Each structure stands twice: as structure tokens, then as C-alpha cells.
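>>> got a structure for you, letters missing:
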């Protein structure tokens with residue numbers, strides 16, 4: 001989560017397990033990217049928190065992908081072909097095998 005309490009200061013609030021990855025090299029690269037992309041000079045600070053009130057973009061994307069996967073599973077199970085295989089052979093859908101195809 002990004003927090004900017006004062007102009008020129010940016011705090012990145014991370015889960016504790018991610019804060020350990022934020023070494024000085026990574027911090028410098030992030031700060032340089034912010035400076036060059038936004039054309040501003042800022043002070044970057046990492047803060048670890050056990051609980052973050054909002055989802056990260058990655059968590060939101062993962063949750064959306066899981067919802068889409070569950071919808072696909074429901075659609076597959078409801079298909080006539082799958083029902084016929086189930087009736088004829090006792091076949092069952094292996095839900096862990098359902099994944100989005102690369103396009």
C-alpha cells in the first residue's frame with residue numbers, strides 16, 4: 001500500500017514477509033524509478049504492518065482469477081457433455097485441472 005503523509009515523502013506499507021525483500025538496492029531502484037517517472041525527488045520509506053486494510057493489486061488480481069476459475073468450473077459441470085460422461089462412466093471433473101488457457 002502506498003502512503004504519502006507529506007509532499008516529498010512516500011511510504012510503502014508492506015507485509016512483514018515482503019519488507020525483508022526490500023533491501024537497500026531494491027529501495028534505490030524503486031526511488032530512482034519514482035524520481036524519473038514522476039520527475040520529482042522524494043524520500044522513500046518502507047514500513048511493515050501485520051495487517052493492511054486494503055488488498056494489493058496482486059491480491060485483487062488473484063481473487064478475480066479465482067472467481068473466474070470457479071465460474072468456469074460451474075459452466076463445465078453444467079455442460080451436457082460432462083453430464084453425459086458422468087452418467088455413462090461415472091467421470092468427475094478434476095477441479096484443480098481447470099486453468100485459463102494462454103491466448
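Now that the structure is in, tell me what you want to look at. Everything quoted here is computed from the prediction, not taken from an experiment.

>>> what element comes up after the helix or strand where residue 10 lies heading to the C-terminus?
Element membership for residue 10 (DSSP states H and E) is strand 9-14. Downstream of strand 9-14, the next assigned helix or strand under DSSP H and E is helix 16-19.

>>> Spatially nearest residue to residue 41, not counting backbone neighbours?
Spatially, and ignoring its direct neighbours in sequence, residue 41 is nearest to residue 35 (5.9 Å; CB to CB, 6 or more residues apart in numbering). For the C-beta atoms, the positions are set from N, CA and C on the backbone; glycine is no exception.

>>> Please work out which residues outside the one helix or strand that neighbour maps to touch it.
Residue 35 belongs to helix 24-38 when assigned by DSSP H and E. Identification of contacts with helix 24-38 by CB atoms under 8 Å, 6 or more residues apart in numbering yields 10, 12, 40-42, 44, 46.

>>> ok, then the element right after the lengthiest helix in the chain?
Assignment by DSSP state H gives helix 57-78 as the longest helix of the chain. Moving toward the C-terminus from helix 57-78, the next helix or strand (DSSP H and E) is helix 80-89.

>>> quick one: that next one to helix 57-78, angle?
Computed with axes from the mean of the first three to the mean of the last three CA atoms, to 10 degrees, the direction of helix 80-89 lies at 60 degrees from that of helix 57-78.

>>> circling back to that earlier point, contacts for the longest helix of the chain next, please.
With CB under 8 Å, 6+ apart, helix 57-78 has contacts from 55, 82, 93, 95, 98-100.

>>> mind putting those in CSV, secondary structure included?
Below are those laid out as CSV (DSSP: H, G, I helix; E, B strand; the rest coil):
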residue, secondary structure
55, coil
82, helix
93, coil
95, helix
98, coil
99, coil
100, coil
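
>>> related to what we said a few turns ago, next, the buried residues of the longest helix of the chain.
The neighbour-count check on helix 57-78 (16 or more other CB atoms under 10 Å) flags nothing as buried.
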